[in-house]
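In: Quick one, structure for this:
(2 chains)
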2 protein chains.
Amino acid sequence: MGAVYTELLDKIRELHALRSVEGVLEWDQETQMPKKAAAARAEQIALIAGLAHQRLASDEMGDLLSKAEGAGAADDPAHATNIRETRRDHDRAVRIPNELVREYARAASLGKDAWQKARAESNFAAFMPALQRLLDIRIRYAEHYGWKSEPYDALMDEFEPGATAAEVAAVFSGMKTELAGLVSRIMQAPKQPNSALLERDFPVEQQAAFNRELAGAINFDFEAGRIDVSTHPFCSGFSPTDVRLTTRYHKNMAAMSMFGTLHEAGHGLYEQGFSPEHTNTPMAQAISLGIHESQSRMWENQVGRSRPFWEFFFPKAKARFQALSDVSLDDWHFAVNAVKPSLIRVEADEVTYGLHIILRFEIERRMLRKEISLKDIPDAWNTSMQELIGITPPNDAQGCLQDIHWAQGIFGYFPTYALGNLYSAQFFNAAQNAMPDMWEQIRNGRMTPLREWLREHIHKHGRRYRAKELVKVVTGEELSPEPFMAYLNEKYGALYGLV
Amino acid sequence: MGAVYTELLDKIRELHALRSVEGVLEWDQETQMPKKAAAARAEQIALIAGLAHQRLASDEMGDLLSKAEGAGAADDPAHATNIRETRRDHDRAVRIPNELVREYARAASLGKDAWQKARAESNFAAFMPALQRLLDIRIRYAEHYGWKSEPYDALMDEFEPGATAAEVAAVFSGMKTELAGLVSRIMQAPKQPNSALLERDFPVEQQAAFNRELAGAINFDFEAGRIDVSTHPFCSGFSPTDVRLTTRYHKNMAAMSMFGTLHEAGHGLYEQGFSPEHTNTPMAQAISLGIHESQSRMWENQVGRSRPFWEFFFPKAKARFQALSDVSLDDWHFAVNAVKPSLIRVEADEVTYGLHIILRFEIERRMLRKEISLKDIPDAWNTSMQELIGITPPNDAQGCLQDIHWAQGIFGYFPTYALGNLYSAQFFNAAQNAMPDMWEQIRNGRMTPLREWLREHIHKHGRRYRAKELVKVVTGEELSPEPFMAYLNEKYGALYGLV
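Out: Have a look, this model is predicted:
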C-alpha cells in the first residue's frame, strides 16, 4: 500500500466516520430524542454534514485522488474501488455550488412543512409553490451534474449509480401490462384469502418478542445491532458492527411489524455483511438503493412469505399468539400473501407494489422534462391509478400527496424500490441454482446457507461493482423483469388457483 | 454585538456543538450500543474529540479571542463570560503538546484495561505499572499547565476552576474530625434504623414508574430529556433541551434507583436550567463539577431524604409497592437516612461519604507531590480507612482498587464530590431564607419554587462566575464546611436521638 493511498484512505475513513456520526444523530432523533431537542439536533446534524461535505469536496481530497490515480492501476480491487468511488463522490460534490446546497436545504425544510400541512388538508394546490421551488432547484442540480439523455438520469444517479430513465422505462413498460393483467386475474379468482385473520388481537409485546426471534433466525446479529420503534421503519448501518433497525406496531396489524422487521433485517444483513476491515470506506457501503432493496425484499417476500418458511415458524407463531389457535398453516400463508388493489404505496402487496412505482416514475419523469405543470399532477395521478390499479383516490391526501419524497426534493428515488424486486428475483434464482437444497434448509429453519451465499456473492463486495455489473457477475444475466414476473406468476397462480 | 464577537461566537458554538455530538456518542455507547460496536465507536469519538480540540486550540480561535479582548470590555455579561471562559479553555488547550495528548489517550485506555483485570484479581501490584505511567503523564500535564503551589492545583483546575489543594485541605481538615466524631456517636446511638426494609421486594418496573414520577415531580422536563438504564448512572446534557439521565436497578435495593434518580435529575435540572439562547456557549455550561454536584446532592439529600418530601411521596410509594404496606413514614424516613461505615464510596451514606473523599484527596495529593510510592498505597489506604471510617478493607478490590478515576489518569476530581455537599448546604440555607414557606411547599408536593430559585440564582448564570464567587454572590458567605456540618448534626442528631 503506497504512501499516497494510505493518506487518501485516512481521509476517506475520516469522511465516512463523520457520515456515520450523522447516522447516529439521525437514528437517535427518530428513536430516542425528546421532542424539544429538535432545533439543537438540527444544528448538530447540519454541522457534521457540513464538515463531511467540506472534506469530500476539498481540493486536498481532489489532489490526493489525482495522485493515487496517477500512480497507475491499483492491484488490490479494494484499493481500486475506494479510489474510483471516492472520485465519483468527489466529482459530484464539487459540481454543486455551495449556495445551491444551502438553497436546497432551506427549500427542503420548508417543503416538508408545506407538504405536511397540505396533506393534512388534502390540498395539493397549497403544496404547489414549495414543490415548484424544489423541482426548479433539483433541475439546476441536474444541470450542474450533467446528463446525456435527460435530467432524470442525473438525479437518479445519486440513488442508482449508472441507471438511466430510458433503461428503467424499458424495463417497466413490459411489466406494466403484465402486472395489471395478473392483478385483474387475481381479483377475479374464485379462491380468496381470509386476510381478516391478520387483524385479530396480536399483543404488541408478543409481536416484539416474535420479531426478535425472526430477525435472529435469519441471522441478524443482535450483538452488532438492535431493533427499536419509530414512526417510519428504517435501517441505518453505522458500521458492519453497529446496525440499527426500526419497526412499528399495531395490535391489529400483525403482518405490518412482522414483515416490516424481516424487510429491515434484510437491509441489516447487507450492512452487517460488509467486511469490518473496510469500515468507513466505499468497500463497506451499498452499491445502490436498488441492490439494498433487493436484500430487504428477498428476506421479506421470497423467503419470509414462502410456505417453507412458515412450515418452520408457524408453530412458533401459534405458540405465541392466541389469535392463531384456530388458523391453519395454509390459511396463514394465503393471508400473508393477499393481493388487493389499494391506494397507499407503503401498504401495497408484492404484486400491486410495482404499479405504484411505475405511476410515480412516469409522472416525475414528465416533471423533470417540464412536460407537465404541477397543477395537472392530481389528475394525472388519479387517471393513472384507475388505469393501472383500478381504483381512484377519493382525495389527494390518499393520492399524489401521500409520499414525502417530492416534499424533500427527492426525484429519481422511486424506481429503486421496483428495481430491488427485480434484482431480488434474479439473485434468488441464482442462489437456488447454487444450493439445490435451499428450500429444504429453510423448511428446517436453517437460514445460514442463504445468508452466507449472499454475503459471499453480494455483501462483501461493497461498491466494487455497479448494480448492473453485479447482476451480471452473480447471475450471468442482464437486469430483467422476467425472473420477477415468473416468480409472481408462479407463486400467485398457485395461491389463487389461476389457470 | 460587534462583527468580531459574532465571528468568535460562531466558532464557539461550533466547538461546543461538536462536544455535544461527542456527548450523544458516549450516551449511546453506555445505554444503547450493541457490544461489538466498541471499536467503531471509539473511532467516531476520537475523531469528533480531535476536531473539537483542534478548533479550541487553533490559531484562528486565539486570534479571534485577542481581537475580541482588544475591543475593550464587553457590556453584556454573557459576551464577557463567553470571551473570558473560551480564553481560559483555549489557553489550557494550547499548553499541552499534541504528542502528550495522544500518549495520555493511549495510557488511559491501557490503564482502564489493567485496572479492570487487577480489580478482578484484587491485585494492586498488577495495576502499578499502568498507574505509574498515568501519574507521570499527568504530572507532565500539570507542568505544562503551570501552578503556584503544587501540581495538584493544575489538575484540579480542570474540574473545579480556581480551587487549590491548600484550600481544599483547609476545608477538609476541620470536617475530618467532626465527621468521624459524628459517625462514632451515630454508631453508639441506642436508636437505629431498620434498613432491612429497603431490601424487600421492589419490582423493577414499579421502581422505574415511581422514578419517573419523582423526577417529574421535581420538574425534570421529560420533553427535554429522558431516563435510561446504564451500569454507572450519569447525567449528560447535550443542550438545555436535551438532557439524558441514567439509573440502575436491583429489585432488592429500592433506595439505589430512587435516590440515584433524584441525584441525576438534580444534575439534569441544572442542565435544563441554562438559557436555551446560550446553547453551545460557556453561558450554558456548568461552572464546575462541585457546583454541578451541589445541585444533585441537594435534590437527592436535602430535599429527597427529608421528612416533608416523604410526607407527600410516601403514600404514593405505598400505593406502588406492596413491600411497604406495613411500613410507617417514620420508619421509612429513618431507613433512607441510615448511616453505616462501609467500604465502597459509591454506596456510602451522606455522613461517611465525605470521609471517603478526604481519604482519596490526601493520598492522591501525596502521589502528585511524589511523597508516596505506589507500592505503599494499599497500606496507606487501609490505615486511613481504619482511622477515618473504622473498618479495614479485606482486599484491594474493596479498597484502593474500587474507583475507576486513577485508571483513567483522573487526579483532582474526588474533592468536587465533597465540595458539592458543602455548596449544597450553603445554597439550600440561602433558598430557605429567601422562601420561609419552602418546607411547607415541599410537604405539599410543590417543588417549583425551589427549582425557580435555583434557576434564577445559579443555573441561568452558566459559567458567568467562578464557583467561589457564585457562593459569595448567592449566599453572601465564603465557601465553608460549617453549614453542611450543621445540617448533618441537626438532621442526624434528631434521627438518632443524639444529645
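In: Can you classify residue A:227 by secondary structure?
Out: When classified by DSSP: H, G, I helix; E, B strand; the rest coil, residue A:227 comes out as strand.
In: who's in contact with it?
Out: The contact partners of residue A:227, by Cβ atoms under 8 Å, 6 or more residues apart in numbering or on different chains, come to A:211-212, A:215, A:244-247, A:261, A:264-265. No exception for glycine: its C-beta is placed from N, CA and C like everyone else's.
In: Tell me the secondary structure at residue A:246.
Out: Following three-state DSSP, we place residue A:246 in the strand state.
In: Can you report how many residues lie near the closest residue in space to it that isn't next to it in sequence?
Out: Of all residues not flanking residue A:246 in the chain, residue A:230 sits nearest, at 3.9 Å (Cβ to Cβ, 6 or more residues apart in numbering or on different chains). Residue A:230 has 16 neighbouring residues, counting by other Cβ atoms under 10 Å in any protein chain shown.
In: Check what pLDDT residue A:230 gets.
Out: Listed pLDDT for residue A:230 reads 91.
In: Arrange the contacts of residue A:227 in a markdown table, one row each, with pLDDT as further columns.
Out: Listed next are the contacts of residue A:227 as a markdown table, based on pLDDT from 0 to 100:
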| residue | pLDDT |
| --- | --- |
| A:211 | 97 |
| A:212 | 97 |
| A:215 | 98 |
| A:244 | 98 |
| A:245 | 97 |
| A:246 | 96 |
| A:247 | 95 |
| A:261 | 98 |
| A:264 | 97 |
| A:265 | 98 |
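In: Helices along the stretch 251-400 of chain A, start to end?
Out: A:254-272, A:289-297, A:307-320, A:329-335, A:350-368, A:377-388 (DSSP state H, counting those that start in this stretch).
In: Pull the residues that contact stretch A:232-239.
Out: In contact with stretch A:232-239 (Cβ under 8 Å, 6+ apart) are residues A:20, A:23-24, A:26-27, A:30, A:243-248, A:260, A:263-265, A:267-268, A:271-272, A:274, A:276, A:279-280, A:284, A:296, B:37, B:40, B:44.
In: and that stretch, how far out from the chain's middle?
Out: 11 Å (Cα atoms, centre = their mean, to the nearest Å).
In: Output the helices of the stretch 251-400 of chain A as TSV; include the columns mean neighbour count and distance to residue A:490.
Out: As requested, the helices of the stretch 251-400 of chain A are exported to TSV (neighbours: other Cβ atoms under 10 Å in any protein chain shown; distance: least, Cβ to Cβ, whole Å):
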stretch	mean neighbour count	distance to residue A:490
helix A:254-272	25	20
helix A:289-297	26	17
helix A:307-320	17	13
helix A:329-335	17	15
helix A:350-368	22	12
helix A:377-388	17	22
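In: I'd like to know which of those helices lies nearest to chain B.
Out: helix A:254-272 (9.5 Å; Cβ to the nearest Cβ).
In: The closest one and chain B in contact?
Out: No: residues of helix A:254-272 are not located near chain B by Cβ under 8 Å from any Cβ of the partner chain, the shortest gap being 9.5 Å.
In: Direction-wise, compare that helix with helix A:289-297 and give the angle.
Out: 130 degrees (axes from the mean of the first three to the mean of the last three Cα atoms, to 10 degrees).
In: Please tell me how far the residue nearest to residue A:375 when sequence neighbours are not counted sits from residue B:318.
Out: The spatial neighbour of residue A:375 that comes closest, neighbours along the chain excluded (Cβ to Cβ, 6+ apart), is residue A:128 at 6.7 Å. For residue A:128, the distance to residue B:318 equals 61 Å [Cβ to Cβ, to the nearest Å].
In: same deal with residue A:398?
Out: Distance from residue A:398 to residue B:318, counting by Cβ to Cβ: 52 Å.
In: Residue A:327 now?
Out: Per Cβ to Cβ, residue A:327 is found 45 Å from residue B:318.
In: what's the answer for residue A:397, then?
Out: Counting by Cβ to Cβ - residue A:397 and residue B:318 are separated by 50 Å.
In: again, but for residue A:143
Out: Residue A:143 is 71 Å from residue B:318, by Cβ to Cβ.
In: count of residues packed around the residue nearest to residue A:375?
Out: For residue A:128, using other Cβ under 10 Å, the count is 17.
In: Same check on residue A:483?
Out: Using other Cβ under 10 Å: residue A:483 sits among 21 other residues.
In: what domains does the record give for chain A?
Out: By the record's domain assignment, chain A is partitioned as A:1-95, A:138-499 (automatic domain parsing).
In: what residues does chain A put near chain B?
Out: Going by Cβ under 8 Å from any Cβ, the residues of chain A near chain B are A:13-14, A:17-18, A:20-21, A:24-25, A:28, A:32-37, A:39-41, A:43-44, A:47-48, A:51, A:221-226, A:238-239, A:241-242, A:279-280.
In: Just the buried ones from those residues?
Out: Listed as buried from those are A:13-14, A:17-18, A:20-21, A:24-25, A:28, A:32-34, A:36-37, A:40-41, A:43-44, A:47-48, A:51, A:221, A:224-226, A:238-239, A:241-242, A:279-280; burial here means 16 or more other Cβ atoms under 10 Å in any protein chain shown.
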